[in-house]
Structures are given as structure tokens and as C-alpha cells.
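Q: Coordinates only, no sequence provided:
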């Protein structure tokens, strides 16, 4: 009987030893699995913080890295509480999912901040461009600025509300397109103003050149070839003025080109009038000289030689008078040259008249 009890006790002890060994092995396996899961969590957390640290821009970088540490700690706490391999795996997967979600959220926020900055800069660049557009009134510039500010504000709201990268990109693109529409409208207004001024200026040049050519046509002392040359000069100067007007990009520049063109055309007319004055003076001097010759030819008691000598003197006076007229730089100088030489012709006539009266 004693031997049976001893055998029973030995058997139970052996079973206990086997159970304890099995439990110890199971605990070792659980510890290894938990340690491995912790390592995975640490690696994912470290990678997540490295990614977040490299995000630019990101205004709340420090807070997001703290969130990573908190979520990693929570995951590791859940792993500690796990009682079997399945629970360890579940806690590990939940932790890595949370850490990956933290990273994705940080990346989305960085994209949002970059898009917001890009949109703000885009709007300011559009405002700067509009500010230098020619011939917009202050009210028109202010209106365009207000519309751009509204488009940027709406875009920032859309970017903030976006739930993924595609949403951010779409919000940015749409808002930039809205800014472009405002800028294009302002540029169109500016262009219409400039084009209207350009058309009016060219019309003024055409009218001035037409009047100039009409004036030249009416100058009676100019020969046909001189009139043709002078009118061609007017056409050339009008064409040059219109070409400059086409190149001008502001109403102020257009006005300057118009003023310059009109001044040139008026100068052409003044030159033609001055040439006409000289030609008329030449004609008057020639007529005056011929009348003097005719008068001398009818005087009594003069020999043919005396008449011929008087004619030569008159011809010389006419020649020198025409030279003086040609060299005159002003209308008054033409008048002086004509009067002076007519008086010299009168002197010749007076001398011949005295000879005739003797």
C-alpha cells in the first residue's frame, strides 16, 4: 500500500513539473512576442517622428511629435495587457495604424499650409500686377483687390476643409483660377482704355495730316512738285506718329506720341508756308524789277546803252535779293530782304530818271 501511494505522489509530482515547464515556456514565448511588438511600435514611432520632423511647412510639428510618443506609449501599454498572441498582434496593428494615421495627418496639414501660403502669394502677385496696369482708376484697382482677397479667403477655407491631398490640390487650383479671372478682367479693362486712346490719337493724326495737306494745296506760290514733296513729308510724319502710338502702352505715353506727332505735322505746314512766303517774295521782286525795267525803257532821252546798263543793275539787285530771301530764317527777314532790294531797284530807277530829265 505504501508503495502505491509513493508511486502516486511521484506521478503527480512529475505532472506538476511538466505543467510548470509548459507554463514557463508559454510565458517566455509571450514575453518575446511582446518585446517584438514593442520594437515594431518603437520603429514605426521613430520613423513617424522623422517624417514629421522633415515636413516643411508644419506649424505644430512639436505637438504632433508628442502625439506620436503618446500613441506609441498607449500601444505598448495595450501590448503589455495582452494575454495571448492574437491580442498582442491586435494591439501592435492598432498601434501602427494609429501612428501611420498621425503621420498622414501631419503630411496633410503640411500640404494644407504650403497650399495656403502659395495661394496667399499668388493673390498678392496678382494684386501687384494689377497695380501697375496702365490707366486703371484707383476705384478699379481697389475693386480688383477686394475680389482677389475674397477669392483667396474662400480658397483658404476650402483648403482647410479638405480631407485628402487631392482635395487640397483641387482647392488651390480652383482658387488660383478665380484669382486669374479677376486679373484677366482688370487687364481687359486696362487694354480697352489704352486701345480706345490709341484709336482716338491716330484719328487725330489723320485729321491733322489732312488739314496740313489741304493747307499746302492752297499755297499759291508753291510749284506742283514742291507741293507734292511737302505733302509726302506730311504723310511720312503722320505714319511715323501712328507707328509710335501703336507702340505706346499707356494713355500717357499715347498722349505724348500724339503731341509729338501733331507738333511734327505743324512744323511741316509751317515749313511749307515759309517756303511759300519766300517763293511769293521772289515773284514779287521779279515783278517789281520787271516793272522798273519797263518804266526805264519808256523814259525819253536815254541811249540803248544806258537802258541796257540799268537793266543789268536791276538784274543784279534781283539776284542778290533772291539770295537774301533764300537765306532768310524768318518771315520778317524775308520782308526786310524784299523791301531792301525793292528800294535798291527804286534807286536805279531814280538815277535813270534823273539822266532822262537832263
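A: Cool, got the structure. Since this is a predicted model, take the numbers as computed values, not measurements.
Q: Would you map the helices across the stretch 51-200 of the chain?
A: 61-81, 85-131, 138-161, 165-217 (DSSP state H, counting those that start in this stretch).
Q: so which of those gets nearest residue 302?
A: Shortest distance between residue 302 and the helices of the stretch 51-200 of the chain, using C-beta to C-beta, is found for helix 165-217: 45.3 Å. C-beta: built from backbone N, CA, C; applies to glycine.
Q: gap between stretch 287-302 and the chain center?
A: Distance of stretch 287-302 from the chain centroid (C-alpha atoms, centre = their mean, to the nearest Å) equals 76 Å.
Q: Contacts for it, please.
A: For stretch 287-302, contacts defined as C-beta atoms under 8 Å, 6 or more residues apart in numbering pick out 307, 310-311, 314-315, 317-318, 342, 345-346, 348-349, 352-353, 355-358.
Q: Please repeat the previous calculation with a cut-off of 6 Å.
A: 310-311, 314, 318, 342, 345, 349, 352, 356 (C-beta atoms under 6 Å, 6 or more residues apart in numbering).
Q: Okay, helices next: where are they in the stretch 251-358 of the chain?
A: Using DSSP H, counting those that start in this stretch, helices in the stretch 251-358 of the chain cover 251-297, 304-327, 331-357.
Q: Just the buried residues of the last one, please?
A: Of all the residues in helix 331-357, those buried under the rule 16 or more other C-beta atoms under 10 Å are 334, 337-338, 341-342, 344-345, 348-349, 352.
Q: want to throw these into CSV with pLDDT and distance to residue 66?
A: Below are the buried residues of helix 331-357 laid out as CSV (pLDDT from 0 to 100; distance: C-beta to C-beta, whole Å):
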residue, pLDDT, distance to residue 66
334, 98, 99
337, 97, 103
338, 97, 105
341, 98, 109
342, 98, 111
344, 98, 113
345, 98, 115
348, 97, 120
349, 97, 121
352, 96, 126
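Q: pLDDT value on residue 29, please?
A: In this prediction, residue 29 carries a pLDDT score of 89.
Q: can you check the one 10 residues further on too?
A: pLDDT recorded at residue 39 is 98.
Q: in what helix or strand does it lie?
A: Element membership of residue 39, judged by DSSP states H and E, is helix 2-53.
Q: Also residue 237?
A: helix 224-247.
Q: tell me the mean pLDDT for that helix?
A: According to the model, helix 224-247 has a mean pLDDT of 97.
Q: Pull the distance from it to the chain's centre.
A: Chain-centre distance of helix 224-247: 32 Å, with C-alpha atoms, centre = their mean.
Q: so what secondary structure elements neighbour it?
A: Judged by 3 or more C-beta pairs under 6 Å, 6 or more residues apart in numbering; DSSP states H and E, the packing partners of helix 224-247 are helix 165-217, helix 251-297.
Q: can you list these in TSV and add mean neighbour count, mean pLDDT and distance to residue 328?
A: Listed next are those as TSV, based on neighbours: other C-beta atoms under 10 Å; pLDDT from 0 to 100; distance: least, C-beta to C-beta, whole Å:
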stretch	mean neighbour count	mean pLDDT	distance to residue 328
helix 165-217	17	96	20
helix 251-297	18	97	7
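Q: Of all those, which one is nearest residue 27?
A: Per C-beta to C-beta, nearest to residue 27 of those: helix 165-217, 46.0 Å.
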